[in-house]
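Q: Here's a sequence, model it:
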Amino acid sequence: MRTRLASPMLLVAVLVAAPLLALDLPELAAVLKATDIDPLVEKVIGSLERDTTDAATYRQAKTRVEHAAYTLALYAEAVARADGSVSWKQNARAIRDLAIELAKATNQTKARQLLEKIKQGLAGASLGQNGAEKSWEDVAPLLHVMKEVNLVNRSLRRYVRRERYFKRYHDRLEAAAVAMTLLSYIAAHDNSPAKEAKDVPNPEAKYDDYSVQFFNLSRETLQAVRANDFKQAAAKVKAMQKVCSSCHEDFRPDIEI
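A: Predicted coordinates for the structure are as follows:
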């Protein structure tokens, strides 16, 4: 979703997708299965394990912990909405709420306690009453959605750069394509930055268009990866970069790509 940006956070200000009419987006259950999302959760838990090991590590990694916890909350809500089952689906929304609390933790002791409880829930232990569905905006700030988009985008671009990378790191590439499909879907539900656009006719409609394009390209990238079609996957990722570039031209011409 970006080519060469000066900062990994620039996409937050550039290609923040807009909300779509209900008919423009399918239900998440029609897009991804719970089993698609489960491996993404495992990766986030590993990151949180490392960054909450002790007080000194936590202090240095607090910003990273906050982001990882919000990402986990989004993935847990997605598992609750998706079709199919994983061993912890009955705990998905309780894990979501614990992850949100973890993102807001102010010390390593509390963060570690919350992480251990989350791990128990992931292992199948009952966490009590599962919460109700939340809107994506109530699960995590859009800032964190787009920050994760930036991180995932790096992996996508890396793994389709050469066909040998595509083959060697296929599992990693598929996980990145799943993540981008989910993140683009989530981002498409928030158009708040479009309201700040100046000198752009119909800014919300333009954001809608970029959002639809980006979600569709993300989904098509995943389909191409699963079909082992290197050329198609590379073409779709390249098209995603063009969407980002076009959005820059319309909404952030002051930032060099």
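Q: Gln129 is in contact with Ala94, isn't it?
A: Yes. Gln129 lies in contact with Ala94 (CB atoms under 8 Å); the separation is 7.3 Å. (Each C-beta comes from the backbone N, C-alpha and C, glycine too.)
Q: Looking at the two, which one has more neighbours?
A: Legend: neighbour count by other CB atoms under 10 Å for Gln129 and Ala94, higher for Ala94 (21 against 8).
Q: do you know how far the more buried one is from Val145?
A: 21 Å (CB to CB, to the nearest Å).
Q: my read: Val145 touches Ser184, true?
A: No. Using CB under 8 Å, Val145 makes no contact with Ser184, being 9.3 Å away.
Q: Which residue, other than its chain neighbours, is closest to Gly121?
A: Nearest non-adjacent residue to Gly121, counting by CB to CB, 6 or more residues apart in numbering: Asn91, 3.9 Å away.
Q: so that neighbour touches Asn130, yeah?
A: Yes. Taking contacts as CB under 8 Å, Asn91 lies within contact range of Asn130: 6.7 Å.
Q: who's more crowded, those two?
A: Shown here are Asn91 and Asn130; by other CB under 10 Å, Asn91 has more neighbours (25 against 17).
Q: Show me the shaky parts of this protein.
A: Residues of the chain meeting the criterion pLDDT under 70: 1-23, 193, 247-248, 250-257.
Q: just the helices in it please.
A: Assigned by DSSP state H, the chain shows helices spanning 10-14, 34-51, 55-81, 92-103, 108-122, 136-139, 142-159, 163-168, 170-187, 203-226, 230-251.
Q: Of all those, which one comes closest to Lys195?
A: Smallest distance to Lys195 across those (CB to CB): 7.4 Å, for helix 203-226.
Q: So which elements touch the closest one?
A: Judged by 3 or more CB pairs under 8 Å, 6 or more residues apart in numbering; DSSP states H and E, helix 203-226 is in contact with helix 170-187, helix 230-251.
Q: which of the ones you listed sits most buried?
A: Using mean count of other CB atoms under 10 Å, the stretch among the helices and strands packed on helix 203-226 with the largest mean neighbour count is helix 170-187, at a mean of 23.
Q: what's the distance between that one and the middle of its chain?
A: Relative to its parent chain, helix 170-187 has a centroid offset of 7 Å by CA atoms, centre = their mean, to the nearest Å.
Q: swap in stretch 38-50?
A: Centre-to-centre, stretch 38-50 and its host chain are 13 Å apart (CA atoms, centre = their mean).
Q: What of stretch 229-239?
A: Offset of stretch 229-239 from its chain centre (CA atoms, centre = their mean): 20 Å.
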